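Novice: Predicted model and sequence below, questions to follow.
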Amino acid sequence: MNFVTLDFETANSKRESACSIALVLVRDSKIVDSFYSLINPQMQFDQRNIAIHHITPQDVQDAPTFDKIWGHISPLFDINHLVAAHNASFDNSVLNKTLSNYGIITPRYLTIDTVKTSRKFYPELLNHKLDTVSRNLNIELVDHHNALADSIACANILLRTEQDFGTEQIKKMVQFTK
């Protein structure tokens, strides 16, 4: 299976306030590459968000803005690539709102949500939060709410689901972004 996982952390409750991004590239059912960057959202941070991900305004003051990062990662977002995320509606919305904030049109791409796949394939779990699913599937999640750690865990959840249930079952849950 080939896909890329996406995870954002935000500076505040606004979806266009991305302050970090991670992508993990999976080819032939193996993690082959990853990308992580802090992002200067050019807006205020909320203490609540800082308490979750521990990224501060000082951490991002010299980081690139998202429009500078987009040129490097945009080839992964088209109808030929599958983008997975744990709670994909959030991460896809952050991407859409952040791009819109810079006047960039959001491309259409294939997406799958590992919250939804875990609910379908592992309904016995107490809940389907990233840390719960990871723990129950024996997937390492070292630094929860670090975008790269979360993106790696998401990749491993989808790979484990593929191993347990097969690619064809997973493909039924792939959608186009709106």
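Specialist: Thanks, I have it.
Novice: Could you tell me the phi and psi values at the residue lying farthest from the centre of the chain?
Specialist: Each residue of the chain has a distance to the centre, and by C-alpha atoms, centre = their mean the biggest one is for E124: 24.0 Å. The phi/psi pair for E124 (degrees, to the nearest 10) reads phi -80, psi -10.
Novice: swap in T114?
Specialist: Main-chain torsions, T114, degrees, to the nearest 10: phi -80, psi -10.
Novice: could you pull out the helices for the chain?
Specialist: 47-53, 57-60, 66-73, 88-101, 114-121, 130-136, 147-165, 167-171 (DSSP state H).
Novice: got these as JSON lines, with mean neighbour count and mean pLDDT columns?
Specialist: Placement of C-beta: from N, CA and C, glycine included. Supplementary listing: the helices of the chain in JSON lines, determined by neighbours: other C-beta atoms under 10 Å; pLDDT from 0 to 100:
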{"stretch": "helix 47-53", "mean neighbour count": "14", "mean pLDDT": "97"}
{"stretch": "helix 57-60", "mean neighbour count": "15", "mean pLDDT": "98"}
{"stretch": "helix 66-73", "mean neighbour count": "16", "mean pLDDT": "97"}
{"stretch": "helix 88-101", "mean neighbour count": "20", "mean pLDDT": "98"}
{"stretch": "helix 114-121", "mean neighbour count": "20", "mean pLDDT": "98"}
{"stretch": "helix 130-136", "mean neighbour count": "19", "mean pLDDT": "98"}
{"stretch": "helix 147-165", "mean neighbour count": "22", "mean pLDDT": "98"}
{"stretch": "helix 167-171", "mean neighbour count": "13", "mean pLDDT": "95"}
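Novice: who wins for proximity to F8 among the ones you listed?
Specialist: For the helices of the chain, distance to F8 was read as C-beta to C-beta. The smallest value, 4.3 Å, belongs to helix 88-101.
Novice: Against which helices or strands is the closest one packed?
Specialist: Counting contacts by 3 or more C-beta pairs under 8 Å, 6 or more residues apart in numbering; DSSP states H and E, helix 88-101 packs against strand 3-10, helix 66-73, strand 82-85, strand 110-113, helix 114-121.
Novice: on contacts alone, who are the packing partners of the second one?
Specialist: So that's helix 66-73. strand 18-27, strand 30-38, helix 88-101.
Novice: how about a cut-off of 7 Å?
Specialist: Secondary-structure packing of helix 66-73 (3 or more C-beta pairs under 7 Å, 6 or more residues apart in numbering; DSSP states H and E): strand 18-27.
Novice: go on, the last one?
Specialist: Based on contacts counted as 3+ C-beta pairs under 7 Å, 6+ apart, the elements that helix 114-121 packs against are helix 147-165.
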